[in-house]
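Asker: Provided below for reference: sequence and predicted model.
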Amino acid sequence: MASPHEITVAIPAFNEAEIIGQVVTALLASGPWREVLVVDDGSTDDTGSVAEAAGARVIRHPYNKGNGAAVKTAIRNAQGEYMLIVDGDGQHRPADVLRIAEALGTYDLVVGARAKGQASRARGAGNAVLNWLAGYLSGRPIPDLTSGLRGARLAQLREFLHLLPNGFSTPTTTTLAFIKAGYNVTFLPIEAQARVGQSKINLSRDGVGFLMILLRVITIFSPLKIFLPISLIAFALGAGYGVYTIFDERHVTNSSVLLVTFAVIVFLVGLISEQISALRSEGRP
């Protein structure tokens, strides 16, 4: 089990002056952390000043870069051996943060899985689809792909730093990267409280981004998970249509040949990508 003295609690924050002081105060009171680090991502209010007054170490971005960019700044500057990432909007209870911390050391990545029903119906449905797809692509059930509360070994976070986007897909990327790299990952149930202020994630705008990040990470670590189903579907369509036209028109159509050829090419590209992925993994520290 990791000691709180080894843990940096990082809070990416943008325009959270209304609540950030309470978040920092509650965290400092909950345990003897190595530090509470707030990355003020170009806020136009007093987020940085309020956090500093509450006792946090504050790093300021000169302009808004995105939640992921703030997390990357925290990863580069954290002083602990482990890092806990906590949202700055008051959603996460200090008791849950402590539970995540207690599992560090045994696990390389610990994710707080939020209870169902706390999001809107549309957002809950979108999260459910992403969780299912991520579970299929990664090969294990993922109850909450986008939870902002998570803790990890700092060395492993830095290993995947180049994969992290500047936007809101850092939780997605870290979860999939840790699982596909073979690190120990667990999900602990948590209760998310109502956030203060408005959510900065828009389902219609960011949903496609989450999906693209998911596909990108899986393509890096396990490309056949994506290439093989596409190849099989194309082959089944081409072969099936070819058999139909042989009996119906007494010849094989160009469409059938093109679909089968496409299936073979996609499979071979996936096979080569899988070999490149394996070679890349062998070169990891």
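Answerer: Structure's in. What do you need?

Asker: drop to CA atoms for contacts and neighbour counts, all remaining ones
Answerer: Fine.

Asker: Just the buried residues of the host helix or strand of Gln156, please?
Answerer: Taking DSSP states H and E as the definition, Gln156 sits inside helix 154-159. In terms of neighbour count (16 or more other CA atoms under 10 Å), helix 154-159 has its buried residues at 154, 156-157.

Asker: could I get those residues as CSV with pLDDT and distance to Asp46?
Answerer: Below are these laid out as CSV (pLDDT from 0 to 100; distance: CA to CA, whole Å):
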residue, pLDDT, distance to Asp46
Leu154, 93, 29
Gln156, 92, 33
Leu157, 94, 29
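
Asker: Spatially central, which residue of this protein would that be?
Answerer: What sits nearest the mean C-alpha location of the chain, by CA atoms, centre = their mean, is Thr172, with 1.6 Å.

Asker: secondary structure class for the nearest residue to Arg34 once chain neighbours are set aside?
Answerer: On the basis of CA to CA, 6 or more residues apart in numbering, the spatially nearest residue to Arg34 that is not a chain neighbour turns out to be His5, at 4.5 Å. Three-state call for His5 (DSSP: H, G, I helix; E, B strand; the rest coil): helix.

Asker: just checking, next helix/strand downstream of the strand or helix carrying the residue nearest to the centre of the chain?
Answerer: Thr172 belongs to helix 170-180 when assigned by DSSP H and E. Downstream of helix 170-180, the first helix or strand assigned by DSSP H and E is strand 185-190.

Asker: Kindly report the domain assignment for this protein.
Answerer: Listed domain ranges for the chain are 4-220, 224-282 (source: automatic domain parsing).

Asker: now do the same end-to-end measure for the first one.
Answerer: The first residue of domain 4-220 is 34 Å away from its last residue (CA to CA, to the nearest Å).

Asker: How far away from the center of its chain is that domain?
Answerer: Its chain's average C-alpha position is 8 Å from that of domain 4-220, according to CA atoms, centre = their mean, to the nearest Å.

Asker: where do the strands sit along the stretch 51-200 of the chain?
Answerer: Listed from the start of the chain, the stretch 51-200 of the chain has strands (DSSP state E, counting those that start in this stretch) covering 57-61, 82-85, 109-114, 150-153, 185-190.

Asker: Same list, these, but as CSV with mean pLDDT please.
Answerer: What follows is those, written out as CSV (pLDDT from 0 to 100):
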stretch, mean pLDDT
strand 57-61, 96
strand 82-85, 96
strand 109-114, 92
strand 150-153, 94
strand 185-190, 93
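
Asker: Adding mean neighbour count and distance to Arg93, write those out as TSV.
Answerer: Formatted as TSV, those follow (neighbours: other CA atoms under 10 Å; distance: least, CA to CA, whole Å):
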stretch	mean neighbour count	distance to Arg93
strand 57-61	18	20
strand 82-85	27	13
strand 109-114	26	11
strand 150-153	25	13
strand 185-190	18	9
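
Asker: Any chance of the ones you listed in CSV with distance to Phe221 as columns?
Answerer: Rendered in CSV, the data for the strands of the stretch 51-200 of the chain read as follows (distance: least, CA to CA, whole Å):
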stretch, distance to Phe221
strand 57-61, 32
strand 82-85, 24
strand 109-114, 17
strand 150-153, 19
strand 185-190, 16
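
Asker: Tell me the pLDDT of the residue nearest to Arg34.
Answerer: His5 is assigned a pLDDT of 91 by the prediction.

Asker: Where is the longest helix in the chain?
Answerer: Ranked by number of residues, the top helix in the chain under DSSP state H is helix 254-282.
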